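Participant: Sequence first, then the predicted structure, then my questions.
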Amino acid sequence: MNELAKTIKQLDDQLSKRPIALDPGGYFIIYIDRENSLICAKHFTNIINEKGLAVDPETGEVIAARGKSNRTAETLFTGRSAKELCVKVIEKNENCSITMLDHAAYLGREFMRAEMALIQGTEYIQD
């Protein structure tokens, strides 16, 4: 890895540790479907409680940030590129659930990371 790449990775790692506000419109689980050459984004609804934690609207249980969840996605979005997925999730979605600009920016970055992993054949892990 060259020096610039190392510097950028260190900065990104540091920024990933900052506190963030959760979008009351829900969250996305992003993954790659290599068999069909697609980037996938499952959208889940949530409620943000008084402590700023995401809560399952059906059960009232706090949604864990790590680990498996038994929740059912509201919508599955797929695209062959980050741009196509952004258009489907944000521009052509009459019920777009993204209510915060930082959430939209985050999704754009993650869709690009997933696209690069799809092209390069490398592992993608959502930040």
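Facilitator: Sure thing, it's come through. Residues are numbered from 1 along each chain as shown.

Participant: Can you check what pLDDT the model gives the spatially most central residue of the chain?
Facilitator: Using C-alpha atoms, centre = their mean, the residue of the chain that lies closest to the mean C-alpha position is Phe28, 4.5 Å off. You'll see Phe28 listed with a pLDDT of 96.

Participant: Please name the nearest non-neighbouring residue to it.
Facilitator: Taking C-beta to C-beta, 6 or more residues apart in numbering as the measure, Phe28 lies nearest to Ala41, with 4.7 Å between them; neighbours along the chain are not counted. Where C-beta positions appear, they are placed from N, C-alpha and C, glycine not excepted.

Participant: The residue nearest to the centre of the chain belongs to a helix, doesn't it?
Facilitator: No: with the criterion set as DSSP: H, G, I helix; E, B strand; the rest coil, the secondary structure at Phe28 is strand rather than a helix.

Participant: Count the neighbours of the closest residue to Ala117 other than its chain neighbours for me.
Facilitator: Beyond its immediate neighbours in the sequence, the residue positioned closest to Ala117 (C-beta to C-beta, 6+ apart) is Tyr124, lying 3.7 Å away. The tally of other residues near Tyr124 (other C-beta atoms under 10 Å) stands at 18.
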